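S.K.: Coordinates for the following, if possible.
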Amino acid sequence: MNGRVTLLGAGPGDPELLTLIGRRRLSEADVVLYDRLIDPSLLAFTNDQAKLIDVGKLPQHHKVKQSEINRMLVDYAQQGQKVVRLKAGDPYVFGRGGEEAQVLEKAGVNFEVIPGITSAIAGLAAVGIPITHRDFASSFHIITGHHKQDGQKQLDWENIAHQEGTLVFLMGMAQFPTICQQLVAHGKDPQTPVAIIQWATQWRQRMAIGDLTTINQIVEEQHLSSPALIVVGDVVKLSAQLNVQWPLQGVHVLVPFSKQQRLFNQLTDRGATVDFYRRAVKTPLAADLTVLDDAAALLVDSIAAYRQFVQLLVAADKDLRCLADKKILAANRVVARHLRAAGLIVDGVLPNVKLPDNFVEIGSGQAVVAGGTFLDLYQKQPQKISLPFDLAEFSAVVFPSTDSLHDFLNALSATQRGELAGLKAFVMGPTIKQAAQEAGFQKVIDCRPKVAATVQRIEEEFTVD
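M.R.: Okay, here's the model as predicted:
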């Protein structure tokens, strides 16, 4: 039985530029083959059982040969798997998507192509350059600066140099001096504006602007390199007017993945680049709830434990009315806030409340405090792959709970653990602050346990007057 292959465009880098159907296909996939230039946060959209395969390609070096990628796509699909080939940008814009589609069609494999936003357009928009404008360009031309090694026909410079409109070169930095030289040699005005946009739509986005005679020296002075776009045309002039600046632009933040994405949304709305780290998988456990009968209080360690507790109550034909004569306590303010959102107002929060002698604590792994009866309600299974980031590239990481901190630490390699001292940690409560300091963070910033307050504190920390 054949499965299905999805050739999926990941967009230019920003994870929010992935299409809705693209996100759905990632969540359904059994196997994901992904490229080097995709944002690793996109892997957080996959399910916990998916097999993730890095087939990334570096300039002049193929980590996995294209023929091997083709073979894997066919083999996994013929095993009945749902396969996603996750490619930077758009699969059919200089991405070998057409070649892969031909292989799949020849092998009789069901496949589909889901477009991605190409950097040739989005990368320009990210720095205030409209690819067309009635006063400057009524057309655009996307050109590859990279050629096969087997003698593919060279570019028709005479034709390109005389095209009206905007010229965008992808994968052209290795040939950049030649591109400028050939355009001028074949009649392009030497004063034509040129922009180089490196890492478009990402935190490390950089841009240099000049003209065909000056841009090479500017690029050398600013040390710009691949991956970058080359934009040639009068529309480049508009960047000075249309390149909007945001308070957290250039700030790179790591947050825990959540379905609500409130932290992610508010930070990105202020211009930050935000990536996800995946949470541990929670497996529910059974428990004897009769220990509650004689208890004077219920202490809740986490909202996940509370949700499992409610499920166990319902399974036993009970509900929250069985707690009517008991105090409800929270291990910290974050848990208290989540319980309130779920319709349960706590009677106190540790450490500002005295526990009775006979209390029941619900959580995972081990008790937060000694002396009571502990119910272990779920088991955490660490992620199968290590955190796919270089921590040195981040400005900060945010921990809304001790659970999120522990999930983060459990996903680190030995090298990444050694990088914690140089990373700012924003924590949403004093309990998390202590845990972060014990983990090795030297720069720990305590925030109020609310998303808006935490985002405001991050903005205060990184905004320079």
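
S.K.: Setting aside sequence neighbours, what's the nearest residue to D446?
M.R.: K433 (4.8 Å; C-beta to C-beta, 6 or more residues apart in numbering). Using the backbone N, CA and C atoms, a C-beta is placed for each residue, glycine as well.

S.K.: what does stretch 25-37 contact?
M.R.: 3, 6, 8, 10, 13, 42-43, 45-47, 49-58, 63, 69, 72-73, 76, 81-89, 114, 227 (C-beta atoms under 8 Å, 6 or more residues apart in numbering).

S.K.: Okay, and which of those residues map to strands?
M.R.: 6, 8, 51-54, 57-58, 82-87, 114 (DSSP state E).

S.K.: Now tell me which of the residues you listed the prediction trusts least.
M.R.: Note: of the ones in strands among the contacts of stretch 25-37, the lowest pLDDT belongs to L58, at 51.

S.K.: wait, doesn't I218 sit right on A208?
M.R.: Yes: with contact defined as C-beta atoms under 8 Å, I218 and A208 form a contacting pair (4.8 Å).

S.K.: Between the two, point out the one with more neighbours.
M.R.: Ranked by neighbour count (other C-beta atoms under 10 Å), I218 and A208 place A208 first, with 20 against 15.

S.K.: Can you report how many residues lie near the residue nearest to D446?
M.R.: The burial count for K433: 21, using other C-beta under 10 Å.

S.K.: Contacts only, for G9.
M.R.: 19, 22, 87-91, 95, 114-118 are the contacts of G9 under C-beta under 8 Å, 6+ apart.

S.K.: Using a markdown table, lay out those residues together with distance to H223.
M.R.: As requested, the contacts of G9 are exported to a markdown table (distance: C-beta to C-beta, whole Å):
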| residue | distance to H223 |
| --- | --- |
| T19 | 34 |
| G22 | 33 |
| K87 | 28 |
| A88 | 22 |
| G89 | 24 |
| D90 | 28 |
| P91 | 31 |
| G95 | 27 |
| I114 | 35 |
| P115 | 33 |
| G116 | 28 |
| I117 | 27 |
| T118 | 26 |
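
S.K.: Check the residues you listed and tell me the two furthest apart.
M.R.: For the contacts of G9, the farthest-apart pair by C-beta to C-beta is T19 and G95; their separation is 15.4 Å.

S.K.: who's more crowded, the two?
M.R.: More crowded of T19 and G95, by other C-beta under 10 Å: G95, with 20 against 16.

S.K.: What distance do you get for the residue lying closest to the more buried one once chain neighbours are set aside to W199?
M.R.: In this structure, G95 finds its nearest non-sequential neighbour in K87, 5.0 Å apart by C-beta to C-beta, 6+ apart. Applying C-beta to C-beta, to the nearest Å, the value for K87 to W199 is 17 Å.

S.K.: Of these two, which one has the most company?
M.R.: K87 (25 against 22).

S.K.: Contacts only, for the more buried one.
M.R.: 7-10, 35, 38, 95-97, 116.

S.K.: Can you tell me which of these has the largest number of neighbours?
M.R.: Neighbour-wise, these (other C-beta under 10 Å) top out at L8, 30 neighbours.

S.K.: SS state for I160?
M.R.: Following DSSP: H, G, I helix; E, B strand; the rest coil, the label given to I160 is helix.

S.K.: residue furthest from the geometric center of the chain?
M.R.: Residue farthest from the centre of the chain, counting by C-alpha atoms, centre = their mean, is D294 at 47.0 Å.

S.K.: and it, how far is that from V369?
M.R.: Counting by C-beta to C-beta - D294 and V369 are separated by 19 Å.
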